[in-house]
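K.L.:
this one's structure only:
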């Protein structure tokens with residue numbers, strides 16, 4: 001049985017997750033860091049690494065500043081083939097709350113990558129392992145570990161997942 005406290009959070013969290021995905025899918029990358037607390041962790045890794053307790057990932061940032069720098073780099077420095085994503089997001093599952101606005105969740109995702117020529121492929125699947133801070137109407141990611149199902153993560157990973 002899912003606790004009522006957890007059930008009541010799911011609609012708010014689902015809207016937050018959908019807005020996060022929409023931000024990326026609509027190429028509003030400058031807005032992406034606003035989904036995170038200033039002191040945060042963003043990491044992309046594989047299920048295999050998580051199960052083996054390996055701390056590393058293919059992408060890592062440990063502050064809002066690093067996220068903003070990543071966006072700036074994507075816009076002005078990095079060279080990659082034109083592409084965009086389409087996220088399909090599952091319903092968030094609340095694992096725990098701390099009574100002080102802290103929430104731990106898992107949310108499944110599937111990301112399709114659409115290339116300039118129209119080719120569409122499944123780019124990544126997995127789950128977001130999140131720790132969020134809720135304060136009034138505000139939600140912020142304190143930690144987002146993007147756990148990809150496959151250990152084969154495409155080297156064209158340019159845009160955030």
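P.N.:
Great, that's in hand. Because the structure is a prediction, the values reported are computed rather than measured.
K.L.:
Not counting its own residues, what contacts the top helix by length along the chain?
P.N.:
In the chain, assigned by DSSP state H, the helix with the most residues is helix 4-25. Residues from elsewhere that reach helix 4-25, judged by CB atoms under 8 Å, 6 or more residues apart in numbering: 28-29, 31-32, 35, 84-87, 89, 91-92, 94, 97, 103, 105, 107, 109, 128, 132, 134, 139, 159-161. Any C-beta I mention is one placed from the backbone N, CA and C, and that applies to glycine too.
K.L.:
same thing but at 7 Å, please
P.N.:
31-32, 35, 84-87, 89, 91-92, 94, 97, 103, 105, 107, 139, 159-160 (CB atoms under 7 Å, 6 or more residues apart in numbering).
K.L.:
Check stretch 63-73 too.
P.N.:
Outside stretch 63-73, the residues that touch it by CB under 7 Å, 6+ apart are 29-30, 32-33, 36, 38-40, 42, 61.
K.L.:
who's residue 97 bridged to?
P.N.:
Per DSSP bridges, the residues bridged to residue 97 are residue 103.
K.L.:
Adjacent strands (with direction) for the lengthiest strand in the chain?
P.N.:
Secondary structure of the chain per DSSP state E: the longest strand is strand 120-135. Strand 120-135 pairs in its sheet with strand 102-115 (antiparallel), strand 138-148 (antiparallel), by DSSP bridges.
K.L.:
Ok, which of these comes nearest residue 50?
P.N.:
Shortest distance between residue 50 and the strands paired with strand 120-135, using CB to CB, is found for strand 138-148: 5.4 Å.
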